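S.K.: make a model of this:
(one chain, ligands or ions: 1)
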Amino acid sequence: MEQEDSSMIFKEELQRELLALMDAPDLVFDRTKGIVDLMVDYQELLMMYKCAIKEVRTKFEVLDTEFSVRFERNPISAIRTRLKHSKSTADKLARNGMAFTLHNIETYVNDVAGIRVICSYIDDIYEIANALLAQDDITLVNRKDYIVFPKPNGYRSLHLIVKVPVFFANEKRDMKVEVQIRTIAMDFWASLEHQLKYKQDIHDQEEIVRQLKACADVIASTDEEMLGIRQKIEACSDARTEEDILLEKLSKVDLSV
Ligand code: 0O2
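M.R.: Numbering: from 1, shown residues only. This next block holds a predicted model:
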């Protein structure tokens, strides 16, 4: 009932505004121009975020290539990137009582540019994150460790908001990028859990939430165990002779970079 009232008021206000605009063509022109300008500038801003994603993605790809040559294994199993949907950006601003302006997007929405890095093992997450943060053109804006401090629903991931400089034809801009780093298992869990957000009519929601939490706990201990096994295997291969090491180094020469 309350919703109907507010939608009636909104419709009446809109009608009044349209009538006022019909009497004032200059105002119509100004408003239209304002909206077109905003959309053009917004497109440009998205282009800049897209470039920032490319910069950070390349940094992770470089680290992965270096690891693969030095340690003969790839810490990164996959990299996914996305630009936040405009509706999602508008919703986030509206939830915080803010208008959809370029200034508000840049200042208050940290995840317009998003990059998700999927690792096999937990220690890779921190190694990759530290290697990124050690780079002198990267500034850490915020760090949330949902691995050490998981969310009550069981969500685990390392979140970093970083700023990266991007060089355009006429300017250099520091752009914010949200980086989420997690294991394959954590990612598998998060994808399924994410569906809960968009399904309104789920029966037995409480049971599903409980099952998801239980799965998150199993996944966390499996991740720990897998890391332990890998470390044991590595410890065995550390007991090599000088000759083994030399032969191993020689075999690396043929690795395709
Ligand atoms: P989408 O669709 O993934 O882009 P802040 O960004 O700091 O102002 P926020 O949004 O609470 O505040 O940040 P936080 O906690 O770092 O979470 C941001 C993103 O992390 C979310 O983006 C999700 O991608 C992911 N995330 C956080 N919590 C959960 C969770 O419980 N389950 C799952 N599956 N993902 C989670 P968005 O904004 O939801 O949208």
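S.K.: just give me the neighbour total for the closest residue to residue 154 other than its chain neighbours.
M.R.: Nearest non-adjacent residue to residue 154, counting by CB to CB, 6 or more residues apart in numbering: residue 216, 2.6 Å away. For glycine as for every other residue, the C-beta is placed from the backbone atoms N, C-alpha and C. For residue 216, the neighbour count with other CB atoms under 10 Å is 20.
S.K.: and what about residue 216, helix, strand or coil?
M.R.: The three-state label given to residue 216 by DSSP: H, G, I helix; E, B strand; the rest coil is helix.
S.K.: residue contacts, it?
M.R.: 150, 153-156, 189 (CB atoms under 8 Å, 6 or more residues apart in numbering).
S.K.: and for residue 173?
M.R.: Contacts of residue 173 (CB under 8 Å, 6+ apart): 48, 165-166.
S.K.: out of those, who's nearest residue 198?
M.R.: The closest of the contacts of residue 173 to residue 198 turns out to be residue 48 (CB to CB; 28.7 Å).
S.K.: burial of the closest one, as a residue count?
M.R.: 17.
S.K.: and it, how far from residue 128?
M.R.: Distance, residue 48 to residue 128, by CB to CB, to the nearest Å: 25 Å.
S.K.: mind listing what's buried in stretch 188-206?
M.R.: Across stretch 188-206, burial judged by 16 or more other CB atoms under 10 Å covers 189-190, 193.
S.K.: and that stretch, how far apart are its ends?
M.R.: Using CA to CA, to the nearest Å, the end-to-end distance of stretch 188-206 comes out at 20 Å.
S.K.: average model confidence for it?
M.R.: For stretch 188-206, mean pLDDT rounds to 85.
S.K.: what's next to that stretch, contact-wise?
M.R.: Contacts of stretch 188-206 (CB under 8 Å, 6+ apart): 153-157, 182, 208-209, 212, 215-216, 219.
S.K.: where along the stretch 51-200 of the chain do the helices fall?
M.R.: Ranges of helices in the stretch 51-200 of the chain, per DSSP state H, counting those that start in this stretch, are 86-95, 102-108, 122-133, 184-198.
S.K.: could those go into a markdown table alongside distance to residue 64?
M.R.: Converted to a markdown table, the helices of the stretch 51-200 of the chain look like this (distance: least, CB to CB, whole Å):
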| stretch | distance to residue 64 |
| --- | --- |
| helix 86-95 | 29 |
| helix 102-108 | 30 |
| helix 122-133 | 8 |
| helix 184-198 | 15 |
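S.K.: right, I'll leave it there.
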